[in-house]
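Engineer: Structure for this input, please:
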Amino acid sequence: MTNERTNVERESRYLIAGDISYRILESLGKKGTRRLNKAAKNIETLLKDSENAGNSVYARIERKDEEEKARTMNEGIAEFYKQYPEMGSILKGLIEEKRAKKNKYLVYGLNENYKLGEEDYVRVIMDLGFDRREACSIYPHVLAISERLGKANEKAERTILL
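Structural biologist: Prediction:
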């Protein structure tokens, strides 16, 4: 038996390691965004309460007239229906008509008794723009956080829409 991996094996291992790594990074990014939004709201409240920004930072609330947004698809259809009731009813009928939908998925995972190695994860992290040294140093931390948050199940069967 040879230790050489097939191209499918290499790419599948990349997908699994990427799925685990990217999910935790996405989760952390969303958590960070929520915290930034909360901090911004806190500052807005403090400024409304006339709190001084201090010496090292500036903060102010600005109101801007924004360009009007285009209608949504539903608003456009509703307006079309008002202006052209006969054609609008045909359009509504076409939209409401259900159609058979078939999607194609790649289903992948690790076979029993196999695990991903450090190199699988390092490769994924390097693809994000880190050099090898940085990827090797960040990999254990990403994996530890992922395991702690329950996102690091290597044995899970995964699907991806093609």
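
Engineer: quick one: the spatially most central residue of the chain and K104, what's the gap?
Structural biologist: The residue lying closest to the centre of the chain (C-alpha atoms, centre = their mean) is E26, at 5.3 Å. Per C-beta to C-beta, to the nearest Å, E26 is found 24 Å from K104. Backbone N, C-alpha and C define where each C-beta goes, glycine included.

Engineer: Low-confidence stretches in the protein?
Structural biologist: 1-2, 99-100 (pLDDT under 70).

Engineer: For it, which segments are assigned as helices?
Structural biologist: 7-48, 73-83, 85-96, 118-127, 132-148 (DSSP state H).

Engineer: And the longest one, what does it pack against?
Structural biologist: It refers to helix 7-48. On a contact count with 3 or more C-beta pairs under 8 Å, 6 or more residues apart in numbering; DSSP states H and E, helix 7-48 meets strand 105-108, helix 118-127, helix 132-148, strand 158-161.

Engineer: So which of those is nearest K30?
Structural biologist: Closest approach to K30 among these (C-beta to C-beta): helix 132-148, 13.7 Å.

Engineer: buried residues in the closest one?
Structural biologist: When burial is assessed from 16 or more other C-beta atoms under 10 Å, helix 132-148 yields the following buried residues: 135-136, 138-139, 142-143, 146.

Engineer: Specify which member of these is nearest to T72.
Structural biologist: Using C-beta to C-beta, the buried residues of helix 132-148 come closest to T72 at S146, 37.2 Å.

Engineer: Brilliant, that's me finished.
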